[in-house]
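Participant: Dropping the sequence and predicted coords here.
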Amino acid sequence: MRQQAPPEETKSEGGLDNNFVPIVLNGEPYQAPPQATIRLLVAELGLAEDRVAVELDRKIVKRGLWAKTQLRENALIEVVHFVGGG
């Protein structure tokens with residue numbers, strides 16, 4: 001069994017910063033606040049809750065569960081923003 005390398009430490013402008021949770025957001029690395037939930041992430045991104053759908057590890061999360069669903073290290077998050085039109 002192959003062991004994974006330890007996660008890289010994240011750095012901020014002020015130096016070492018381990019207060020964030022590394023996730024993958026829409027295919028890109030992203031640092032989420034500690035104890036972040038899907039609801040907090042959507043708010044942090046400035047998105048209207050009623051205009052987005054969120055996948056966590058390739059499974060859609062119902063909006064009613066967003067406040068209870070905490071982001072964990074290396075979670076794969078996809079946020080899809082709906083746009084109207086005709």
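Facilitator: Yes, it's here. Numbers count the residues shown, from 1 in each chain.

Participant: where exactly do the strands run in the chain?
Facilitator: Along the chain, counting by DSSP state E, strands occupy 11-12, 15-16, 21-25, 28-32, 52-56, 59-61, 76-81.

Participant: Format those as CSV; extra columns: distance to A67.
Facilitator: Any C-beta I mention is one placed from the backbone N, CA and C, and that applies to glycine too. Shown next, in CSV, are the strands of the chain (distance: least, C-beta to C-beta, whole Å):
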stretch, distance to A67
strand 11-12, 27
strand 15-16, 31
strand 21-25, 17
strand 28-32, 15
strand 52-56, 12
strand 59-61, 11
strand 76-81, 15
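
Participant: Reformat those strands into JSON lines and put distance to L41, mean neighbour count and mean pLDDT next to each item.
Facilitator: Shown next, in JSON lines, are those (distance: least, C-beta to C-beta, whole Å; neighbours: other C-beta atoms under 10 Å; pLDDT from 0 to 100):
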{"stretch": "strand 11-12", "distance to L41": "18", "mean neighbour count": "10", "mean pLDDT": "42"}
{"stretch": "strand 15-16", "distance to L41": "23", "mean neighbour count": "8", "mean pLDDT": "40"}
{"stretch": "strand 21-25", "distance to L41": "8", "mean neighbour count": "17", "mean pLDDT": "97"}
{"stretch": "strand 28-32", "distance to L41": "6", "mean neighbour count": "15", "mean pLDDT": "97"}
{"stretch": "strand 52-56", "distance to L41": "8", "mean neighbour count": "17", "mean pLDDT": "98"}
{"stretch": "strand 59-61", "distance to L41": "11", "mean neighbour count": "12", "mean pLDDT": "97"}
{"stretch": "strand 76-81", "distance to L41": "7", "mean neighbour count": "14", "mean pLDDT": "96"}
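
Participant: out of those strands, nearest to L40?
Facilitator: strand 28-32 (8.1 Å; C-beta to C-beta).

Participant: Report the inter-axis angle for that closest one versus strand 76-81.
Facilitator: With axes from the mean of the first three to the mean of the last three C-alpha atoms, to 10 degrees applied, the angle from strand 28-32 to strand 76-81 works out at 90 degrees.
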